[in-house]
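Chemist: dropping the sequence and predicted coords here.
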Amino acid sequence: MEDLKKDIQQLKEEQTTQKALQLRDIWNIFWMHRLWFLISILICLSIAVIYVLKTPKTFYSSTTVLVKNYRRGGGTSQATLFQDIGGFGLTNNDVNNELYVFKSSNIMSMVVDKLNLDVEYFIKYGLRQNVLYDDSPVFVQFLELSPENSLQFKLDIKNNGEVVAHDFSPKNDKTLGKRINIKIGDTTDFIVGKILVQASPSYSSFIGKTILVNKYSYRSAVLRYKGVLQADIADKMAMVITLSVRDKNRMRAEDIANTLIWAYNEDAIQAKNDVAEATEKFILERLVALTEELGVVDAEIAGVRGEHGIIGDGNSDYQFQSVMQEKSSYNQQELEVENKLTMATYVKSFISNPSNANNLIPS
């Protein structure tokens with residue numbers, strides 16, 4: 001028994017010695033190559049620092065939108081209204097359909113137009129290209145450039161009310177080595193037609209600096225900003241959509257989120273206008289057709305009476321009364337159509353009034 005205990009103790013001591021030798025060998029290897037390990041650590045840290053200094057900051061702006069569903073809320077829907085006045089109705093889109101509307105190219109194109117997002121301005125601070133938005137020293141309008149074309153160039157901000165354009169891209173025979181002096185506020189002949197450069201209130205603080213102007217094609221601008229938008233349903237049981245915009249400029253991210261809601265409302269108002277105009281056109285056409293039919297009926301009644309000399313006695317008088325009742329029924333239908341037309345005209349007038357832009361159609 002004692003021999004067994006000694007053997008176990010000896011085995012433990014041998015294992016401890018082996019572990020100590022392994023750690024010592026690892027340390028010796030590290031110490032022999034300590035210079036390479038130190039250089040590798042410095043290189044990795046330098047790459048990480050350069051990446052952080054060069055990567056622009058990213059800002060997020062988020063907002064929520066309540067999608068009003070009148071069928072669910074118990075109010076009067078547009079569908080019910082137009083069923084009353086036109087004999088047909090609209091389909092009331094649910095929150096999932098409205099979610100796709102927010103993500104549509106049509107809505108984002110309205111945002112791009114409103115905020116002029118197809119033109120972007122940069123200035124270099126250290127290793128980082130910072131995005132300029134409302135704080136840009138100048139704003140460039142391309143008066144003759146096709147929406148499908150793109151262009152990039154640098155602008156030197158001078159203190160004599162002029163800027164100098166150079167370093168054009170894409171490079172070709174027209175742009176290689178070319179420098180163009182542009183007077184602020186004047187229309188200038190440019191390599192892509194006429195342009196207009198206007199100064200902003202921050203112009204004086206950028207004198208002596210160079211900014212980069214990037215003109216995107218219209219389609220690429222729309223697709224680009226669709227990519228920074230995230231729209232989700234806040235809750236499966238709620239009629240609320242959450243809009244999140246990720247951008248390199250904080251103010252622009254907020255403007256895009258707010259303008260998305262404006263564009264959504266404008267699109268809805270335009271849809272209501274289109275429906276009201278279509279309803280009015282339909283009712284007018286039906287009214288004209290009904291008037292023509294009534295005229296034909298009146299002419300036929302007069303012809304029959306003249307042909308048979310109907311004065312109003314006996315059976316003939318009964319037939320005449322029957323015809324007059326039928327005419328009265330047509331007159332009643334005409335009155336109903338006129339009432340519907342009046343209502344459609346009122347609805348169109350209500351929607352077209354700018355003061356009612358954000359109001360619901362009254363019942």
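Modeler: It's in.
Chemist: quick check, Ile26 in a strand?
Modeler: No. Looking at Ile26 with DSSP: H, G, I helix; E, B strand; the rest coil, it is helix, so not inside a strand.
Chemist: how close does it get to Ser40?
Modeler: From Ile26 across to Ser40, the span is 17 Å (CB to CB, to the nearest Å). Glycine gets a C-beta too; all of them are placed from N, C-alpha and C.
Chemist: check Thr187 too.
Modeler: Relative to Ser40, and taking CB to CB, Thr187 is found at 58 Å.
Chemist: can you pull out the helices in this structure?
Modeler: Per DSSP state H, the chain carries helices over the ranges 2-32, 34-54, 70-73, 78-86, 95-102, 105-115, 218-227, 250-308, 314-352.
Chemist: weakest of those by average pLDDT?
Modeler: Among the helices of the chain, helix 70-73 has the lowest mean pLDDT, at a mean of 40.
Chemist: look up the residues forming beta bridges with Ile195.
Modeler: Applying DSSP bridges to Ile195 gives these bridge partners: Phe142, Thr188.
Chemist: likewise Glu120?
Modeler: Here Glu120, judged by DSSP bridges, has bridge partners Asn214.
Chemist: burial of it, as a residue count?
Modeler: If you count neighbours by other CB atoms under 10 Å, Glu120 ends up with 21.
Chemist: what does Glu144 give?
Modeler: 10.
Chemist: with the one 10 residues further on instead?
Modeler: The burial count assigned to Lys154 is 16, neighbours taken as other CB under 10 Å.
Chemist: now do it against Glu277, distance only.
Modeler: Note on Lys154: its distance to Glu277, by CB to CB, is 49 Å.
Chemist: ok, now Asn28?
Modeler: Distance of Asn28 to Glu277, computed by CB to CB: 88 Å.
Chemist: check contacts around the residue lying closest to Ala231 once chain neighbours are set aside.
Modeler: Once flanking residues are discounted, Ala231 sits nearest to Phe102: 4.7 Å by CB to CB, 6 or more residues apart in numbering. Residues near Phe102 by CB atoms under 8 Å, 6 or more residues apart in numbering: Val65, Leu229, Ala231, Ile241, Leu243, Leu260, Tyr264.
Chemist: how close does the third one get to Gly161?
Modeler: If I follow you right, that is Ala231. Per CB to CB, Ala231 is found 44 Å from Gly161.
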